[in-house]
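A.B. asks: Structural data only, the sequence is not supplied:
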């Protein structure tokens, strides 16, 4: 694959508290703001507490999920008296870090999240960009937890997450951690990942060439809901003990996926895929028991910063 | 010697986001007379304690229901401004109490979850209530694969603030770790089995079975430790240290690491006495100013045999 030259990444945004009860990002951003981290070498860093009201209340969101508010449709609709808080906030963040898709947007937006699922460190990106893939490749040096790449393949206009505001986008998703709790080991892992990200960006900006190669990615394919009572919509079964905590372990037809409250096992039917976000707290209301992904190999070119 | 346990209450959803108890109570309420058998000596009430909080999947809506059962709160004045949970505590006191009266149910078993790595804990206000201690020992023996411990909160009955203090006998079953708002099947299954064993013990007891006395290990709560906080904002400045995280009931010695600040510094335990930590990093306790609780461990020295006066077949259980 041919070498690619890319513009320098001089403006980087680190966002936490996009979900107010995912506390690693909240405390990392708070600490960075306390240390007044604004410039690291060639990079100017903007730290953002994305959803301050939800952080204050220690809730995922106040009225609607902020991390679903960054589609082109929502960002271009006018704000009125009845616009929910999070949609207003999305417009503010778009003005601050975007506008999405424009030349003025941040060079890189990294959004910090936690999950109750046993996912280790995941780098999630939507819009295809070599920067995020190289950062993932660089993060593979971390040994304290598994590091994986997840691609949610949607066109930019439909990308609903905050990081899609940046010219290059990625989220760090670290788990397992209960909502509303800060675990030191999870905090340390996220901080280590962020430190490596900043190192990589500095090295990239300084002219270093990063070799290409192959990286493994999990590409989102579909979601599976819990079995529910048709009248009340309540769960009638929960994640089976043999699937609980088994994120990224291949799921085959016939494998147990749910255990009903009355003790019956429900088995998986479908093609062999990799489960992730298994038993994520916030997804009960979104009707997602777990996601399923295909594993694929992506070839990435060598990259370096373009000369002016 | 103790009287028959003829009325037992199993309560879940006292905290609306502690989901094992919520789902277990819902499941039990699907059957008309759950946990009861034919010609039963015991009637079982299954109660969803805080339906509003359950509906919103929150710990509470206005105030923590499980702090509303002191005599003072139960007997205070009622007005338009009375918080939902206080109104509810008084309803529960009518249903299951009144606390301290002969009409109160014989036994309350209140179901809880914690984000702390505590296994199964039976939490009670007494370290000499023979019913609670015998049930605890029975649970330990019937569930050898999970850690089962007894935690004693040394409060006089009037000051006892939680739901199980309404019954003549009562305890909370606390199982973790489970994130709030999540139900883990291993935790749910453990809770279901625990409740079944409690009911089995009650049946054995009512049928005249004699339970031999002996000594059991009890953790008595001594004090709580709060997070280090910023003096102006009151925000926490550190998290539970990685070497303490998940180490509930592993003896904490003076100078052991306690906290790691967000800037990476280690803070150490300054107490003089080694104590047993529990409720380490419980989500709901951040706002209560509790990073962990500390307990002394001891053996009770009661030799009380427990049996009801209803002698049918005097089967002795060691």
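C.D. replies: Perfect, I can see it now. The model shown is predicted, which means the values in this text are computed figures rather than measured ones. Residues are numbered from 1 along each chain as shown, chains lettered A, B, ... in the order given.
A.B. asks: Count the neighbours of residue A:68 for me.
C.D. replies: 16 (other C-beta atoms under 10 Å in any protein chain shown). C-betas here are computed from N, CA, C, even on glycine.
A.B. asks: now residue A:179
C.D. replies: Residue A:179: 25 neighbours (other C-beta under 10 Å).
A.B. asks: Is it located within a strand, as I assumed?
C.D. replies: No - read with DSSP: H, G, I helix; E, B strand; the rest coil, residue A:179 is coil and lies in no strand.
A.B. asks: Show me which residues of chain A are close to chain B?
C.D. replies: Contact residues, chain A versus chain B (C-beta under 8 Å from any C-beta of the partner chain): A:27-28, A:30-31, A:35, A:116, A:176, A:178-185, A:187-188, A:234-235, A:238-241, A:244, A:259, A:261-262, A:279, A:281-282, A:284.
A.B. asks: Would you tell me which helix is longest in the chain?
C.D. replies: In the absence of a named chain, this looks at chain A. helix A:184-205 (DSSP state H).
A.B. asks: not quite, I wanted chain B
C.D. replies: From DSSP H, the single longest helix across chain B is helix B:185-206.
A.B. asks: Okay, buried residues for that one please.
C.D. replies: B:185, B:187-192, B:194-195, B:197-199, B:201-206 (16 or more other C-beta atoms under 10 Å in any protein chain shown).
A.B. asks: Return the subset of the residues of chain A next to chain B lying in helices.
C.D. replies: Reading helices off the residues of chain A next to chain B with DSSP H, I get A:27-28, A:30-31, A:184-185, A:187-188.
A.B. asks: Just give me how far the longest helix of chain A sits from the chain centre.
C.D. replies: 15 Å (C-alpha atoms, centre = their mean, to the nearest Å).
A.B. asks: buried sites along that helix?
C.D. replies: A:184-194, A:196-198, A:200-201, A:204-205.
A.B. asks: now swap in stretch B:96-112 and tell me
C.D. replies: B:96-99, B:104-112.
A.B. asks: Could you work out the most separated pair of these?
C.D. replies: B:98 and B:112 (23.1 Å; C-beta to C-beta).
A.B. asks: And the strands in chain B, which stretches?
C.D. replies: Counting by DSSP state E, chain B has strands at residues B:7-12, B:43-48, B:107-113, B:119-124, B:148-152, B:169-176, B:210-211, B:217-225, B:238-240, B:257-261, B:266-268, B:276-278, B:292-299, B:316-317.
A.B. asks: ok and the residue in the stretch 101-250 of chain A nearest chain B?
C.D. replies: residue A:178 (3.4 Å; C-beta to the nearest C-beta).
A.B. asks: In contact with that residue: list those residues for me.
C.D. replies: Contact analysis of residue A:178 by C-beta atoms under 8 Å, 6 or more residues apart in numbering or on different chains lists A:116, A:281, B:115, B:177, B:179-180, B:182, B:283.
A.B. asks: one step back: can you turn the buried part of the residues of chain A next to chain B into a PyMOL selection?
C.D. replies: This is the PyMOL syntax for the buried subset of those, where burial follows 16+ other C-beta under 10 Å:
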select buried, chain A and resi 27+28+30+31+116+176+178+179+180+181+182+183+184+185+187+188+235+238+239+240+241+244+259+261+279+281+282+284
